[in-house]
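> quick one, fold the following:
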Amino acid sequence: MKQTTISAEIKEMIFETGGRDALGCFQCGKCFGLCPWNELPKVEYFTYRLTQAVKLGDMINSEDKDQIDAEVAEVYKCVGCEACSSKCPHGVKLADILRAVRRVLAEYGALPAEIKAVNSKLVNVGNPLGEPREKRVEWAVDSGVPVFDRAMDYVYAPCCIPAFDRRALGVARASARLLKAGGISFGIIGNGESCCGENIRRVGAERVFQKLAAENLAAYKDLSGRKIVTSSPHCLVSFRKDYPELGLKLEPVHTAQLFAELITQKKLIPKVPFEKRVIYHDPCTLGRQSGIYEEPRAVLRSIPGVELIEFENHNREYGLCCGGGSGGLWLDRPTELRMANLRVRQAIDAGAQVLAVACPYCLLMFEDSVKTTNAGIEVKDISELLGAAIEP
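As a prediction, this is how the structure comes out:
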């Protein structure tokens, strides 16, 4: 049993790094009911107790290693999906509170081993996969995508995952092909670009984020006020929220939004049929955090032959997280703690043949789940599905 220990110093550190929102929590328990962890069998994640611990100063101040490890595990369970805050009567942002706690943990080096490894890769080469910088643009060279110049309409920033990961490369390639087919003038930044840092900032590694942001500010120095399109909702959120804090104001748009607009304008006309039952998963950062629900569905409905179905109960603002946010993509969780497995099972139970996503993190989380559980379903990004429906 945990022994309560009060530390006013730790409490103030958490408050000063963005956790003061905890004072607004009066433990009504709505966050507990909405947290995706509690959809998993045998898992109880008492979110409202975390805010109480912060308010009391009874957080990360033990000298017992096992207790510290247990607290770190609890803090890093939060995937930043923000389901809890969406219905909080006081508007408490639990994900921000826990980000503040993680910042304190990061200052003391009390991070999960997987996160420490990712931090090192980001510091050394600017991407979480640890790939050489010069590989960032290989996909673009192969796809005939030029470096951006100011005569172009958009910068395309696919995200580190589509730029480097073998499976997700198809997202960048399909997106580039669709942008070309739609008559969009665009280019990429090049090897000077680094990870946007959204996920690592949520992890609490603020110093790492600031380093990445400084690198990007140098690479994006002439882009203030320019339009930037990305395949990642995480980049979208970062460009919209984080970078303006640092003086860089971009006009970010997600590929789903731009594709839907091009389809409406008849600049993209899907003609190749795809005769399958498709279910769309709402990414947390694209849905709840950015309010983008209809555009991805419009893209899928435009494809001839697609039968678009919905998750029962868990769709749109109630969509269930894949588990990849706030560092979850890098954490090696045991099978019983993998939200992606539950989501894939929900898709199969709904009768879907294809699970469609609009986020590289979701793509990798579900692909891993399908492989490890031998689930009989395909996982596709909407750009891949739309790309295959556009005639060469």
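
> please name the nearest non-neighbouring residue to Tyr321.
Not Tyr; residue 321 is Cys. Cys81 (3.9 Å; Cβ to Cβ, 6 or more residues apart in numbering). Bear in mind the C-beta positions are built from the backbone N, C-alpha and C, glycine included.

> contact partners for that neighbour?
36, 95, 284, 288, 321, 325 (Cβ atoms under 8 Å, 6 or more residues apart in numbering).

> is it possible to export those to JSON lines including pLDDT, distance to Leu258 and neighbour count?
Output for those, formatted as JSON lines (pLDDT from 0 to 100; distance: Cβ to Cβ, whole Å; neighbours: other Cβ atoms under 10 Å):
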{"residue": "Pro36", "pLDDT": "90", "distance to Leu258": "29", "neighbour count": "22"}
{"residue": "Ala95", "pLDDT": "90", "distance to Leu258": "27", "neighbour count": "22"}
{"residue": "Cys284", "pLDDT": "96", "distance to Leu258": "21", "neighbour count": "31"}
{"residue": "Arg288", "pLDDT": "94", "distance to Leu258": "21", "neighbour count": "21"}
{"residue": "Cys321", "pLDDT": "95", "distance to Leu258": "25", "neighbour count": "31"}
{"residue": "Gly325", "pLDDT": "94", "distance to Leu258": "23", "neighbour count": "28"}
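
> just give me the closest of those to Asp222.
Checking the contacts of Cys81 against Asp222 by Cβ to Cβ gives Gly325 as the nearest, at 31.0 Å.

> against Ala172, how distant is the residue nearest to Cys321?
As for Cys81, its distance to Ala172 is 25 Å (criterion: Cβ to Cβ, to the nearest Å).

> same deal with Val379?
For Val379, the distance to Ala172 - Cβ to Cβ - is 16 Å.

> ok, back up a step: so what does the residue nearest to Cys321 look like in phi/psi?
phi -70, psi -20 (degrees, to the nearest 10).

> let me see the contact set for the residue lying closest to Tyr293 once chain neighbours are set aside.
Nearest residue to Tyr293 in three dimensions, chain neighbours excluded: Arg316, at 5.1 Å (Cβ to Cβ, 6+ apart). Going by Cβ under 8 Å, 6+ apart, Arg316 touches 282, 287, 293.

> neighbour-wise, which of the residues you listed leads?
If you count neighbours using other Cβ atoms under 10 Å, the busiest of those is Asp282, which has 27 neighbours.

> helix, strand or coil for that one?
coil (DSSP: H, G, I helix; E, B strand; the rest coil).

> same question for the one 4 residues further on.
Under three-state DSSP, the three-state class of Leu286 is coil.

> which residues sit in contact with the residue lying closest to it once chain neighbours are set aside?
Distances taken as Cβ to Cβ, 6+ apart put Pro233 closest to Leu286, at 3.7 Å, once the chain neighbours are dropped. By Cβ under 8 Å, 6+ apart, the contact set of Pro233 is 254, 283-286, 289-290, 292, 358-359.

> near Val171, how many other residues are there?
For Val171, the count of nearby residues is 30 (other Cβ under 10 Å).

> host element of it?
Using DSSP states H and E, Val171 maps to helix 169-181.

> chain center to that helix, what's the gap?
Distance of helix 169-181 from the chain centroid (Cα atoms, centre = their mean, to the nearest Å) equals 20 Å.

> and it, what does it pack onto?
helix 138-142, strand 154-156, helix 160-164, helix 255-264, strand 378-381, helix 382-389 (3 or more Cβ pairs under 8 Å, 6 or more residues apart in numbering; DSSP states H and E).

> could you redo the last one with a cut-off of 7 Å?
Counting contacts by 3 or more Cβ pairs under 7 Å, 6 or more residues apart in numbering; DSSP states H and E, helix 169-181 packs against helix 138-142, helix 160-164, helix 382-389.

> buried deepest among these, which one?
Of the helices and strands packed on helix 169-181, the one with the most neighbours on average (mean count of other Cβ atoms under 10 Å) is helix 160-164, at a mean of 25.

> can you put the contacts of Cys81 in CSV and add distance to Leu178?
Shown next, in CSV, are the contacts of Cys81 (distance: Cβ to Cβ, whole Å):
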residue, distance to Leu178
Pro36, 31
Ala95, 32
Cys284, 24
Arg288, 26
Cys321, 27
Gly325, 26
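
> report the two of those separated the most.
So, those by Cβ to Cβ: farthest apart are Pro36 and Ala95, at 12.4 Å.

> can the contacts of Pro233 go into a markdown table with extra columns for distance to Met365?
Formatted as a markdown table, the contacts of Pro233 follow (distance: Cβ to Cβ, whole Å):
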| residue | distance to Met365 |
| --- | --- |
| His254 | 18 |
| Pro283 | 10 |
| Cys284 | 12 |
| Thr285 | 13 |
| Leu286 | 14 |
| Gln289 | 17 |
| Ser290 | 19 |
| Ile292 | 19 |
| Ala358 | 13 |
| Cys359 | 9 |
